[in-house]
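Visitor: here you go, sequence then predicted model.
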Amino acid sequence: MYRIVEKQMLTPTICKMKVEAPRLAAAANPGQFLIVRADEKGERIPLTISDYDAAAGTVTIVTQMIGASTKDICSYEVGEAFADVVGPLGVPSDFVEESAEALAQQHFVFIAGGVGTAPVYPQVKWLHERGVKVDVIIGARTKDLLIYTDEIRSACDNLYICTDDGSEGFHGVGTAMLEKLVAEGEKFTKVVAIGPMIMMKFATLTAVKLGIPVVVSLNSIMVDGTGMCGACRVTVGGKTRFACVEGPEFDGALVDFDEAMRRQRMYKAEETEANEKHVCRIGRGK
Amino acid sequence: MANRIPRVAVREQDPKVRATNFEEVCFGYNVEEASLEASRCLHCKNPRCVAACPVGVKIPDFIERVAAGDFAGAADKIAEDSSLPAVCGRVCPQETQCEGSCVLGVKSEPVAIGKLERFVADWSRHNPREVQAPVKASDAKKVAVVGSGPSGLACAADLAKMGYDVTIFEALHKAGGVLQYGIPEFRLPKDEVVASEIASVEKLGVKIETDVVVGRTETIDSLLDKEGFDAVFVGSGAGLPRFMGIPGENLSGVFSANEFLTRNNLMKAYRDDYLTPIHAGERVVVVGGGNVAMDAARTALRLGAQTTIVYRRTEKELPARAEEVHHAHEEGVQFAMLTNPVEVIGDENGWVKAVKCIKMELGEPDESGRRSPVPVEGSEFEIPTDTVIMSLGTSPNPLIAKTTGGLDVNRRGCIVADEVGATSREGVFAGGDAVTGAATVILAMGAGRKAAAAIDAYLKTK
């Protein structure tokens, strides 16, 4: 069993948890994800790893309550345990394999949106610890929805906060901030965009326009997460790839986002039904 | 004469009823039926059935005990060679193995060996006896088994009986591999049959750790170097689904059979109280002709869809077991033979609305000896459908090969192993679908047993 050792609500619908999973924590790298199954009747839910601590044997997950299953996950309290936490899954970010010399030449800029801000943190931290130049743009609809700002601020060179309504930081979307920074003379060598699919699509369009290579992290539908089901297939550069074992990170410029967004909605009807008749797990008697 | 008795028919759920539920199709023999069927065995001096069994179950010996009413003795006899009799009695292709070589089959019908094996295993489960766990020395050598499917379980059970300290690592949250995610409940009940057979392997002292993806959570090297295992058996199966590579295959509503079956079997999506969704719709087209295609079609049917199997050869060439095809027919699955999809057509929202197919005819035999299908020019037509399930076979998952230095694989991605399972890496053995590509439960078990013997021989030299 995978015991929850810390829990914190970051917003009314986003929950951060630190969970005991020693084997996973020892093997995790930036860019990878894991799968949680809350209880016997639960779905296998892929979540990006938001932090890991090999010495303590814990991993951190950040979950947004969207449907019945994510609500279940967020209903767990400290001391309770998930039935299953498996991973790390997917391949680590490309930069993990790059040499120190190559990384020293780079200037990363991350564009993070919504719950996608959390998985940016281990990547930024990894780069910052190795002295690589890394800036982060965090975007949210309004300031109450901003998460992970303190953690990321302490692990990057420059943090830029953007809100759609101007309630904090730059008044506008993250991609506009990116364009502004480049116009002001920043020479980014790589954009990494993590967030809602639509945000990653527009971040990619902007990065391509600016001539900067762009990496995105796809949160496709998955069942096993090990290459068995093919639910996560995505067209990249005209070829079908499995996001679970060949991703989750891909060259954004090659991703067919419209197909990816359509595929993400595949179980919408079933999910809406499940959500409507969802009974809290306490009511179900677990 | 004993062989004048006709083969005892097995009772099954009515096709109309079972097409609407997920309960087991076949009821199996009762004591009287089993005893009568067992009396048909001629006890040949050189039993061809035993030679035809990949794990070498001593068939006439166990049948003799059934005939004598000694069901516990029969169970012990089977257990000498098979750790999964309740599974094999249900899913083995007996018609091409033990029963296919039964001498009675020459003039009449072979002994129903599979149904008798199932009877003994089920009896044994309902009449549990104290099992003495094999003695394990405190300094027993450690063997890691990767994957808890048929080959891994068979290998682990044999090694435990020899006194080794065995741990199985399973990537999914439940042990059983294809028995758990692939084969449906109506052919192989999960809680009743699969879970209890796995529990009996655990009673031999085998430890099972789920949620460990070897190749990610651990690697073969970390198991050998860090975790102190003396040998590793890789029985990771063939889990990677193939697609056709035709236009429209990534439309919403096109699934691999693996996804469809995993949602239904492992995740129990057919049950209202489980949260995992599944989509069938009103009409389902299943592409392919193997056992997995039959399983997917019969599952879709039970979820309420009008279901059609599309296959490019004729019914005679269907690679599925005759029994499965027969059951699918009985339940109302439609068969569109000599038909091959060329494109999946979507609606304005990107959902499947039809499969465009072309008619085929059989041409000259190919290298497999089967007559290869050739498209009939200009014969394209559309089958309207809400869901398409691709069941075109699977290949081994590349995760382990990619993360294990010096482990040779062939061009089909199968791990290269000799006849006893030794790979290009010292101390690393492999067997089952990971080596052969997708095959049967019993062949995988046979490979697991051979590898167990080879691992024993290897560790004795160390």
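Guide: All right, it came through fine.
Visitor: now residue 158. Nearest residue, chain neighbours left out?
Guide: Just so you know, I chose chain A. Nearest non-adjacent residue to residue A:158, counting by Cβ to Cβ, 6 or more residues apart in numbering or on different chains: residue A:135, 4.4 Å away. C-beta: built from backbone N, CA, C; applies to glycine.
Visitor: not quite, go with chain B.
Guide: residue B:452 is the one closest to residue B:158 (Cβ to Cβ, 6+ apart), at 3.6 Å.
Visitor: go on, residue B:410?
Guide: residue B:416 (5.7 Å).
Visitor: my read: that neighbour touches residue B:423, true?
Guide: Yes - because the distance of 6.5 Å satisfies Cβ atoms under 8 Å, residue B:416 is recorded as touching residue B:423.
Visitor: what about those two, which has more around it?
Guide: residue B:423 (25 against 14; other Cβ atoms under 10 Å in any protein chain shown).
Visitor: now do the same contact list for that one.
Guide: Neighbouring residues of residue B:423 by Cβ atoms under 8 Å, 6 or more residues apart in numbering or on different chains: B:234, B:407-408, B:415-417, B:429-430.
Visitor: which of those lies closest to residue A:173?
Guide: The closest of the contacts of residue B:423 to residue A:173 turns out to be residue B:407 (Cβ to Cβ; 47.5 Å).
Visitor: distance of the closest one from residue B:227?
Guide: Distance, residue B:407 to residue B:227, by Cβ to Cβ, to the nearest Å: 18 Å.
Visitor: out of these two, which sits in the busier spot?
Guide: residue B:407 (19 against 13).
Visitor: apart from its chain neighbours, what residue comes closest to the more buried one?
Guide: Nearest non-adjacent residue to residue B:407 (Cβ to Cβ, 6+ apart): residue B:425, at 5.1 Å.
Visitor: phi, psi of the one you found?
Guide: Main-chain dihedrals, residue B:425, degrees, to the nearest 10: phi -100, psi 130.
Visitor: per-residue pLDDT, it?
Guide: pLDDT for residue B:425: 96.
Visitor: got a list of what it touches?
Guide: Taking Cβ under 8 Å, 6+ apart as the test, what residue B:425 contacts is B:220, B:404, B:406-407.
Visitor: generate a PyMOL selection restricted to the buried subset of the residues you listed.
Guide: Selection of buried members from the contacts of residue B:425 for PyMOL, criterion 16 or more other Cβ atoms under 10 Å in any protein chain shown:
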select buried, chain B and resi 220+404+407
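Visitor: in TSV: the contacts of residue B:425, plus distance to residue A:43 and pLDDT.
Guide: Below are the contacts of residue B:425 laid out as TSV (distance: Cβ to Cβ, whole Å; pLDDT from 0 to 100):
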residue	distance to residue A:43	pLDDT
B:220	30	97
B:404	31	94
B:406	38	93
B:407	34	95
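Visitor: list just the nearest of the contacts of residue B:425 to chain A.
Guide: Checking these against chain A by Cβ to the nearest Cβ gives residue B:220 as the nearest, at 13.5 Å.
Visitor: thought that closest one was touching residue B:236?
Guide: No - look at residue B:220 against residue B:236 with Cβ under 8 Å: they stay out of range, at 10.4 Å.
Visitor: need the overlap of contacts for the two.
Guide: Joint contacts of residue B:220 and residue B:236 (Cβ under 8 Å, 6+ apart) are B:146, B:214, B:400.
Visitor: would you mind listing the buried residues in stretch B:176-185?
Guide: Result for stretch B:176-185 [16+ other Cβ under 10 Å]: buried residues B:176-185.
Visitor: can you pull out the strands in the stretch 301-450 of chain B?
Guide: B:306-310, B:334-336, B:339-346, B:352-365, B:371-375, B:381-384, B:387-390, B:394-395, B:428-430 (DSSP state E, counting those that start in this stretch).
Visitor: winner for burial among the ones you listed?
Guide: Comparing these by mean neighbour count (mean count of other Cβ atoms under 10 Å in any protein chain shown), strand B:428-430 ranks first with a mean of 29.
Visitor: quick one: residues in contact with it.
Guide: Contacts with strand B:428-430, where a contact means Cβ under 8 Å, 6+ apart, come from B:220, B:224, B:231-235, B:404, B:407, B:415, B:417, B:420-423, B:451, B:454-455, B:458.
Visitor: let's see that with 7 Å instead.
Guide: For strand B:428-430, the external contacting residues (Cβ atoms under 7 Å, 6 or more residues apart in numbering or on different chains) are B:220, B:231-234, B:407, B:415, B:417, B:421-423, B:451, B:454-455.
Visitor: likewise for stretch B:66-86?
Guide: Residues external to stretch B:66-86 that are found in contact with it (Cβ under 7 Å, 6+ apart): B:34-35, B:38-39, B:55-58, B:61-62, B:65, B:88, B:116-118, B:120-125, B:129, B:150, B:153-154, B:157, B:193, B:197, B:201, B:445.
Visitor: against which helices or strands is the lengthiest helix in chain B packed?
Guide: Assignment by DSSP state H gives helix B:441-460 as the longest helix of chain B. Counting contacts by 3 or more Cβ pairs under 7 Å, 6 or more residues apart in numbering or on different chains; DSSP states H and E, helix B:441-460 is packed against helix B:85-91, helix B:150-161, strand B:231-234, strand B:428-430, helix B:433-436.
Visitor: same list (these) but as JSON lines, adding mean pLDDT and distance to residue A:69.
Guide: Listed next are the helices and strands packed on helix B:441-460 as JSON lines, based on pLDDT from 0 to 100; distance: least, Cβ to Cβ, whole Å:
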{"stretch": "helix B:85-91", "mean pLDDT": "95", "distance to residue A:69": "31"}
{"stretch": "helix B:150-161", "mean pLDDT": "96", "distance to residue A:69": "29"}
{"stretch": "strand B:231-234", "mean pLDDT": "98", "distance to residue A:69": "32"}
{"stretch": "strand B:428-430", "mean pLDDT": "97", "distance to residue A:69": "36"}
{"stretch": "helix B:433-436", "mean pLDDT": "94", "distance to residue A:69": "31"}
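Visitor: closest one to residue A:38 among those?
Guide: It is, among those and with distance given as Cβ to Cβ, helix B:150-161, at 27.1 Å.
Visitor: quick one: name whatever helix or strand follows the closest one.
Guide: Sequence order places strand B:165-169 as the next helix or strand after helix B:150-161, per DSSP states H and E.
Visitor: now tabulate the helices and strands packed on helix B:441-460 in TSV and tack on distance to residue B:316.
Guide: Shown next, in TSV, are the helices and strands packed on helix B:441-460 (distance: least, Cβ to Cβ, whole Å):
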stretch	distance to residue B:316
helix B:85-91	22
helix B:150-161	28
strand B:231-234	36
strand B:428-430	34
helix B:433-436	24
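Visitor: which one of those lies closest to residue B:371?
Guide: Nearest of the helices and strands packed on helix B:441-460 (Cβ to Cβ): helix B:433-436, 24.4 Å.
Visitor: neighbouring contacts of the closest one?
Guide: For helix B:433-436, contacts defined as Cβ under 7 Å, 6+ apart pick out B:234-238, B:396, B:414-415, B:417, B:439, B:443-444, B:447.
Visitor: rerun that using 6 Å as the cut-off
Guide: B:234, B:236-238, B:396, B:414-415, B:417, B:439 (Cβ atoms under 6 Å, 6 or more residues apart in numbering or on different chains).
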